[in-house]
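Enquirer: Let me see the structure of the following:
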Amino acid sequence: MERQLLDTLRKSHIPFVRNGGDNTLPGLVSLSFNGADGEAILHRMDLMGICISTGSACNSVNADISHVLKAIRLNEKLAGGTIRISLGKNNTAEDVDSIVNALIKILR
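Expert: Next up, the predicted model:
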């Protein structure tokens with residue numbers, strides 16, 4: 001599912017950074033979009049019926065830039081446009097397509 005999400009997003013030509021590189025937990029995808037507003041993305045996705053997160057998984061109440069993103073020295077413009085997508089065993093290929101299509105609509 002992660003590969004489908006990333007490949008489809010890459011094909012859209014919307015620039016992004018995947019945080020954590022290839023050494024991540026399965027199903028957890030942290031993406032940063034330069035100059036975007038992660039909170040605005042979160043709210044627009046919510047209006048489309050898609051739940052995502054911003055900030056750190058260990059401090060989801062705080063809307064400040066995650067201490068994890070600060071620790072990896074992520075550029076502030078990227079850090080502000082960071083979202084976290086959690087995929088599980090019940091997600092389908094159609095779910096992933098919906099997520100990517102919503103992101104494309106929001107970020108274009």
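Enquirer: Distance check, F16 against T92.
Expert: 22 Å (CB to CB, to the nearest Å). Every C-beta, even on glycine, is put in place using the N, C-alpha and C of the backbone.
Enquirer: now the helices for the chain?
Expert: With DSSP state H applied, the chain shows helices at 2-11, 38-47, 67-71, 76-79, 93-107, listed in chain order.
Enquirer: Can I get those helices in TSV including distance to S53, mean neighbour count and mean pLDDT?
Expert: Listed next are the helices of the chain as TSV, based on distance: least, CB to CB, whole Å; neighbours: other CB atoms under 10 Å; pLDDT from 0 to 100:
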stretch	distance to S53	mean neighbour count	mean pLDDT
helix 2-11	15	15	96
helix 38-47	7	16	96
helix 67-71	13	14	65
helix 76-79	14	16	82
helix 93-107	13	16	97
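Enquirer: follow-up on the earlier one: look at F16 and T92 and report which has more neighbours.
Expert: Shown here are F16 and T92; by other CB atoms under 10 Å, F16 has more neighbours (20 against 10).
Enquirer: The closest residue to P15 other than its chain neighbours: what's it in contact with?
Expert: Nearest in space to P15, with sequence neighbours left out and distances taken as CB to CB, 6 or more residues apart in numbering, is N34 at 6.4 Å. N34 makes contact with 15, 17, 75, 77-78, 81, according to CB atoms under 8 Å, 6 or more residues apart in numbering.
Enquirer: Can you name the two of the residues you listed that sit furthest apart?
Expert: Among those, the pair separated by the greatest distance (CB to CB) is P15 and N75, at 12.6 Å.
Enquirer: how about the contacts of N34 in JSON lines, adding distance to M1?
Expert: Below are those laid out as JSON lines (distance: CB to CB, whole Å):
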{"residue": "P15", "distance to M1": "22"}
{"residue": "V17", "distance to M1": "19"}
{"residue": "N75", "distance to M1": "27"}
{"residue": "K77", "distance to M1": "28"}
{"residue": "L78", "distance to M1": "24"}
{"residue": "G81", "distance to M1": "22"}
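Enquirer: Out of the residues you listed, the closest to D46 would be?
Expert: Distances from D46 to the contacts of N34, taken by CB to CB, are shortest for G81, at 16.5 Å.
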